[in-house]
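Peer 1: Predicted structure and sequence below. I'll ask about it afterward.
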Amino acid sequence: MLPKPVKRLKNWRGLIGAYLLAGLAASGVMAEEAAPAAADATLARSIVEKADQVRFPAEGFQVDVSIVTTRAEAETESRQFRVLSKGNENTVVMVTEPASERGQIILMKGRDLWVFLPEVSQPVRISLSQRLTGQVANGDLARANFAGDYNPKVLRSESIDGESYAVLELTAVDRSVTYQKVIYWVNEKNFRPFKAEFYSLSGRLLKKASYEDFKTLAGQIRPTRMVMEDTLRGGEKSVLEYGEMKMRDLPDRIFTKEYLKKL
């Protein structure tokens, strides 16, 4: 007959072994569950990155953008801009029309924005979500980096007019980005963006957008027209038309406050 201390030791060893086995089993289950989740996140990010590349080149480029805003029982408003962009993190937006606003320039460095006004000596800090014109926010024109600004998740696959679309939920990485949540439809075959819904921090649907009129710009088929509609006030929409896009070797000095004073 074993002494009581030895019996207790054997019992403890058995309990520890059982706990270890249970822990290993749980770890295995967790690892099995984590693997598909990681694969889903990788897939979602890949879709968003490819859609970003369809919309705009990753290298330096220049594009002219016209924005026409219509409102119920109000005059049509028209503005034109020239955008210089490099690597999704550096952008200069110059107002070219109307003539009264010519000389106004927006500089984006990462998620930091400044506006330069001819009559003001110092640049003014602005936000990505602040309205630029009509339904267009500063970030809609200056920063189109969904992959860098949002954590994506695939919600489902949806068939529309015989085409299959991945429907993604994009959650903002922080409060500095243009919208706090985006529901995004991307063609599963060619990764062309189809439409998007933009939401506030409280979950309110602010506006809807559709990507249209795909044509060759800078060597690739891209949407040349984007229609943004206000869901809070019916009857107001802004149409962005992209044209004259060309690749450019843009030195880093262009995207500095000092250089903009020369433009």
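Peer 2: Nice, I can see it.
Peer 1: The host helix or strand of V239 pairs with which strands, and in what direction?
Peer 2: Using DSSP states H and E, V239 maps to strand 237-247. Next to strand 237-247 in the sheet, as set by DSSP bridges, lie strand 61-70 (antiparallel), strand 220-230 (antiparallel).
Peer 1: Quick one: mean pLDDT for it?
Peer 2: Mean pLDDT, strand 237-247: 95.
Peer 1: Buried residues of that strand, list them for me.
Peer 2: Using 16 or more other Cβ atoms under 10 Å as the test for burial, strand 237-247 gives K237, S238, V239, L240, Y242, M245. To be clear about C-beta, it is placed using only N, CA and C from the backbone, and glycine gets the same treatment.
Peer 1: Mind putting these into JSON lines with distance to E119?
Peer 2: Converted to JSON lines, these look like this (distance: Cβ to Cβ, whole Å):
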{"residue": "K237", "distance to E119": "31"}
{"residue": "S238", "distance to E119": "26"}
{"residue": "V239", "distance to E119": "30"}
{"residue": "L240", "distance to E119": "27"}
{"residue": "Y242", "distance to E119": "30"}
{"residue": "M245", "distance to E119": "31"}
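Peer 1: which one of these is nearest V136?
Peer 2: For these, the minimum distance to V136 (Cβ to Cβ) is 5.1 Å, reached by S238.
Peer 1: Okay, and the beta partners of the residue nearest to T76 when sequence neighbours are not counted?
Peer 2: The shortest distance from T76 to any non-neighbouring residue, by Cβ to Cβ, 6 or more residues apart in numbering, is to T70 (5.3 Å). In this structure, T70 bridges to K237 when assessed by DSSP bridges.
Peer 1: I183 now?
Peer 2: E169, E197.
Peer 1: That one contacts T171, doesn't it?
Peer 2: No. Between I183 and T171 there is no contact, the gap being 10.6 Å when judged by Cβ atoms under 8 Å.
Peer 1: what's near enough to touch G148?
Peer 2: N88, E89, V173 (Cβ atoms under 8 Å, 6 or more residues apart in numbering).
Peer 1: just V95 next, same as before
Peer 2: Counting by Cβ under 8 Å, 6+ apart, V95 makes contact with R79, Q80, F81, E101, R102, G103, Q104, I105.
Peer 1: Compare these and tell me which has the most neighbours.
Peer 2: Among the contacts of V95, F81 has the most neighbours (other Cβ atoms under 10 Å), with 23 neighbours.
Peer 1: Can you show me the strands along the stretch 101-250 of the chain?
Peer 2: With DSSP state E, counting those that start in this stretch, the ranges of strands along the stretch 101-250 of the chain come out as 105-109, 112-116, 124-126, 131-133, 136-137, 150-160, 163-172, 181-187, 193-199, 205-217, 220-230, 237-247.
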